[in-house]
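Novice: Below are the sequence and a predicted model; questions follow.
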Amino acid sequence: MARRRAKDPLADLDPQRLPRHIAVIMDGNGRWAKQRDLPRIEGHAKGIDAVREMVRACRKLDIPYLTLYAFSTENWNRPRAEVEALFGLLVHFLRKELPELEKNEIRLRVIGRLERLPQAVRDEIADAVERTSRNTRLTMTVALSYSGRDELTEAVRRIAAEAVAGKLKPEQIDEALVAAHLLTAGMPDPDLLIRTSGERRVSNFLLWQIAYTEIYVTDVLWPDFGPEQLRAALLDFAGRERRFGQTSEQLGGAD
Ligand code: FPP
């Protein structure tokens, strides 16, 4: 009997040309909802489904790091009801997905000014982070109440304090030391940054870490970003030559 199955869009990608770390600015939830005359929070709820798909895809492709921009420090200026609903969705996601994270050896990390979050949300996050802390197949980092400039400012403050305390000489401050004082310490920099819904900005996300990251912008709104769209981003990435400031000739590529 002839069986017809939809082709898996992630099935035939070259594993040698996949990024090790994907970062995502998940934009367009509000527009997705507006296009359908739905409240904005429905767009965020649909955005959570896209998060789930993305995590599954990275796990399937053996991509070890995924970092998602879920809430910037500027997002605190949104209507209170939307902010509260977003945290509600996050807590729901953590509770519901924890068994899947554990089963698939996925570690959850959260970066940002968590002290600004409601205590109950922080407790929920701390529990999920602790319960997944020994997992190593995929590190899913969620940037929450996050600002790249704030992260760098805090790193400078801590380095200065160590210098003043005599633990560090100014000439010992190098790029590795700065990186070690960031919230992403220990993680490789992103190879690929995906931004949905067409905006060509980095919006205060991982400013230090994306120095050499390839940027892929798609007009697709985040709730519509699924395996097909990820395939397009990964094929685009696979076709790029990463020169890190060198010439094509130095890298042995075509000019
Ligand atoms: C941008 O759309 C999206 C956000 C500010 C929130 C994204 C958060 C989630 C999808 C939930 C995160 C949860 C987990 C588990 C990581 P927008 O509201 O800025 O859309 P617009 O620009 O069209 O208004």
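Specialist: Looks like it came in fine. This structure is a prediction, so every number in the text was calculated from the model and none was measured. Residues are numbered from 1 along each chain as shown.
Novice: Bridge partners for the residue of the stretch 101-250 of the chain found nearest the ligand, pull those for me.
Specialist: Nearest residue of the stretch 101-250 of the chain to the ligand (C-beta to the nearest ligand atom) works out as Val142 at 4.6 Å. The C-beta positions use only the backbone N, C-alpha and C, and glycine is treated the same way. Assessed by DSSP bridges, Val142 has beta-bridge partners Leu68, Val110.
Novice: ok, it - how many residues close by?
Specialist: Val142 has 23 neighbouring residues, counting by other C-beta atoms under 10 Å.
Novice: I figured it hits Arg107, correct?
Specialist: No - using C-beta atoms under 8 Å, Val142 makes no contact with Arg107, being 11.4 Å away.
Novice: is the biggest helix by length in the chain anywhere near the ligand?
Specialist: Ranked by residue count under DSSP state H, the longest helix found in the chain is helix 80-103. Yes - in terms of C-beta under 6 Å from any ligand atom, part of helix 80-103 sits within range of the ligand, namely Leu89, Leu90, Phe93.
Novice: I'd like to know how far whichever residue of the stretch 1-150 of the chain sits closest to the ligand sits from Leu18.
Specialist: The stretch 1-150 of the chain approaches the ligand most closely through Gly30 (2.4 Å), counting by C-beta to the nearest ligand atom. Per C-beta to C-beta, to the nearest Å, Gly30 is found 31 Å from Leu18.
Novice: who in the stretch 101-250 of the chain is up against the ligand?
Specialist: Residues of the stretch 101-250 of the chain found near the ligand, taking C-beta under 6 Å from any ligand atom as the criterion, are Val142.
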